[in-house]
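K.L.:
Below are the sequence and a predicted model; questions follow.
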Amino acid sequence: MMKLLRKPISLFLFSCIVSIGTLLLYNIPFFSYVAENTNAQAGGKVLLLTSLVVIMLVANFMMTYLVMYLMRMVGRILLAVLSIINATAVYFIFTYNVIIDSTTIGNVFNTKYSEASGFFSWSLWLFIFVCGILPALYCLLQPVAMGKAKTLAISCGGSLATILAVAMLNISQTLWIGQHDTELGGLLQPWSYLINTCRIASSKKGKQAQEIKLPDGTISDNEKAVVVLVIGESARKANFQLYGYPRETNPLLSAQPDLKVYQANSCATYTTAGTKAILEPKNSDDLYELLPNYAFRTGVDVAWRTSNWGEPPIHIDEYLSKKQLAAIYPDEDSHYDGILFAGLRQRIETSKKNKVLIILHTSTSHGPKYADKYPREFEVFKPVATNVEESEKDLSLLVNAYDNTILYTDFLLNGLIDTLRSMDQWHSAMIFISDHGESLGENKIFMHGLPMKLAPKVQYEIPMLVWTSKDFRTYRSDLPAVLEQHYVFHSVLNLLSIQSPAYDESFDIFE
């Protein structure tokens with residue numbers, strides 16, 4: 001091997017080797033998808049697959065040739081880095097059945113190390129070493145004779161002509177490719193993450209710098225009222241006993257009187273967009289003034305407690321992370337979401353205002369290590385998988401761990417309701433709604449984040465639970481069968497007696 005690496009080869013041959021390696025190592029999922037989903041007859045299928053192979057080989061050849069000739073050592077480093085990223089992307093495609101689209105790339109940029117480390121495993125490192133690091137070393141060490149600019153022009157010109165000619169042969173497949181563009185683009189390496197990273201960067205650059213302010217509101221009475229909004233993380237409706245799940249994952253909430261259970265869908269399958277939808281007045285790509293910011297500006301005492309991330313911009317005085325809460329409540333176990341609920345009664349009763357909004361952003365049911373999200377006394381369903389990979393041969397282990405997170409959520413919400421019920425001097429309400437759902441291996445899909453048009457219903461069918469103290473508000477009886485996340489914004493305005501032009505009665509669950 002070392003003798004081979006000491007012998008220079010032409011840039012043409014080097015580019016051919018890299019292109020073939022890219023196809024074989026990183027694009028098997030792409031061609032598997034095409035073969036399984038094309039509606040062409042046998043001859044048409046062979047032509048389409050052959051054409052895509054040719055286009056991919058030529059496109060990667062041209063990219064390698066240009067990068068190496070124009071960038072030299074920087075080009076080598078770039079190809080090496082792409083090899084490692086390609087291997088990582090393909091591992092997650094194989095293991096979690098994800099698609100590397102703009103949503104996935106956005107989630108990557110919003111992920112903290114504490115969450116990302118949950119995916120680390122020996123199989124991941126081995127895969128990256130074999131399929132990423134070894135090819136990267138080849139790109140770095142193989143001597144290459146660059147050749148002349150004339151050869152570059154001929155090679156790249158011929159590549160473009162070949163791509164165009166083959167594409168014209170498959171003009172009849174344009175409609176099918178357009179229908180499956182998300183899946184095809186998300187499986188094509190390295191173009192999937194390169195293009196979608198540019199899209200995310202461009203989108204962030206073009207976003208407005210400030211929220212669109214909502215019309216001023218006023219508080220219409222002086223009655224003491226508190227609303228605690230709990231934003232659940234990755235809690236799917238399908239595993240809640242309250243929605244007919246056969247396991248007793250909600251033994252305490254099932255016994256709570258006056259608890260309302262609503263059918264609801266999320267507006268997205270990832271945290272940033274799902275949380276934004278809960279807090280905004282309507283579904284929009286624009287950034288409108290969010291519920292905590294608007295309530296705070298209107299004169300409500302607002303507190304945000306979080307063990308999560310990927311949140312939209314929150315502009316209030318009291319924003320507390322789990323680490324900050326641990327310093328305030330040193331006797332509480334800060335490893336779990338129970339820390340978010342610590343001292344709530346005292347926090348409410350010592351408020352200097354009559355209207356209080358507390359938002360708790362949990363992370364209880366976020367994977368892949370569901371078994372790390374709850375204290376051991378809540379490990380009722382056994383045995384459990386410590387991560388997604390362990391469950392691939394037996395999905396019940398993963399479901400057990402996930403169900404324990406729902407059981408822990410049941411305990412936390414039940415305790416919150418009991419606390420609010422005991423506060424006789426206050427009208428009180430609790431709203432629990434999830435940012436999105438979760439896949440637990442159904443059809444070999446795990447976790448969340450698929451585009452809405454591809455996502456299974458378990459990734460967007462979410463729980464929405466509401467409790468109010470006696471004689472606080474009257475529930476509407478004419479609501480649609482399935483609610484949207486935007487009902488939270490307008491219902492909370494009602495509960496806090498905020499009169500505002502931004503309020504929409506049709507999105508209020510109360511009279």
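P.N.:
Sure, I can see it. Numbers count the residues shown, from 1 in each chain.

K.L.:
drop to CA atoms for contacts and neighbour counts, all remaining ones
P.N.:
Noted.

K.L.:
Show me the domain layout of this protein.
P.N.:
For the chain, automatic domain parsing gives the domain ranges 2-206, 227-375+411-436+457-504.

K.L.:
chain center to the longest one: distance?
P.N.:
Between the mean C-alpha point of domain 227-375+411-436+457-504 and the mean C-alpha point of its chain there is a distance of 19 Å (CA atoms, centre = their mean, to the nearest Å).

K.L.:
so which of the domains of the chain is the most packed in?
P.N.:
domain 227-375+411-436+457-504 (a mean of 19; mean count of other CA atoms under 10 Å).

K.L.:
If you average the pLDDT over that domain, what comes out?
P.N.:
Averaged over domain 227-375+411-436+457-504, pLDDT sits at 95.

K.L.:
mean confidence score for stretch 146-160?
P.N.:
For stretch 146-160, mean pLDDT rounds to 86.

K.L.:
circling back to that earlier point, which one of the domains of the chain lies nearest to residue 212?
P.N.:
Of all these, it is domain 227-375+411-436+457-504 that lies closest to residue 212, at 4.5 Å by CA to CA.

K.L.:
Show the end-to-end separation of the closest one, please.
P.N.:
For domain 227-375+411-436+457-504, the first-to-last residue distance is 19 Å (CA to CA, to the nearest Å).

K.L.:
Ok, stretch 337-356 next?
P.N.:
21 Å.

K.L.:
Name the surrounding residues that touch that stretch.
P.N.:
For stretch 337-356, contacts defined as CA atoms under 8 Å, 6 or more residues apart in numbering pick out 222-227, 300-302, 305-307, 322, 325-326, 329, 332-333, 360, 362-364, 373-374, 412, 416, 419-420, 423, 496.

K.L.:
hmm, try it at 6 Å
P.N.:
Stretch 337-356 is contacted by residues 224, 225, 226, 300, 301, 302, 305 when judged by CA atoms under 6 Å, 6 or more residues apart in numbering.

K.L.:
Quick check: residue 18 vs residue 509, distance?
P.N.:
59 Å.

K.L.:
ok, now residue 128?
P.N.:
Applying CA to CA to residue 128 and residue 509 gives a distance of 50 Å.

K.L.:
what's the answer for residue 432, then?
P.N.:
14 Å.

K.L.:
wait, what's in contact with residue 250?
P.N.:
Here residue 250 is in contact with 241, 410 (CA under 6 Å, 6+ apart).

K.L.:
and the domains of the chain as CSV, adding distance to residue 392?
P.N.:
Shown next, in CSV, are the domains of the chain (distance: least, CA to CA, whole Å):
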stretch, distance to residue 392
domain 2-206, 9
domain 227-375+411-436+457-504, 12
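
K.L.:
with the contacts of stretch 337-356 in mind, which one is nearest to residue 65?
P.N.:
residue 305 (51.8 Å).

K.L.:
Name the SS class of that closest one, please.
P.N.:
Here residue 305 is strand, with the state taken from DSSP: H, G, I helix; E, B strand; the rest coil.

K.L.:
Next, the closest residue to residue 405 other than its chain neighbours: secondary structure please.
P.N.:
Counting by CA to CA, 6 or more residues apart in numbering, residue 405 lies nearest to residue 365, which is 5.5 Å off, once chain neighbours are set aside. Here residue 365 is coil, with the state taken from three-state DSSP.

K.L.:
Okay then, goodbye and thanks.
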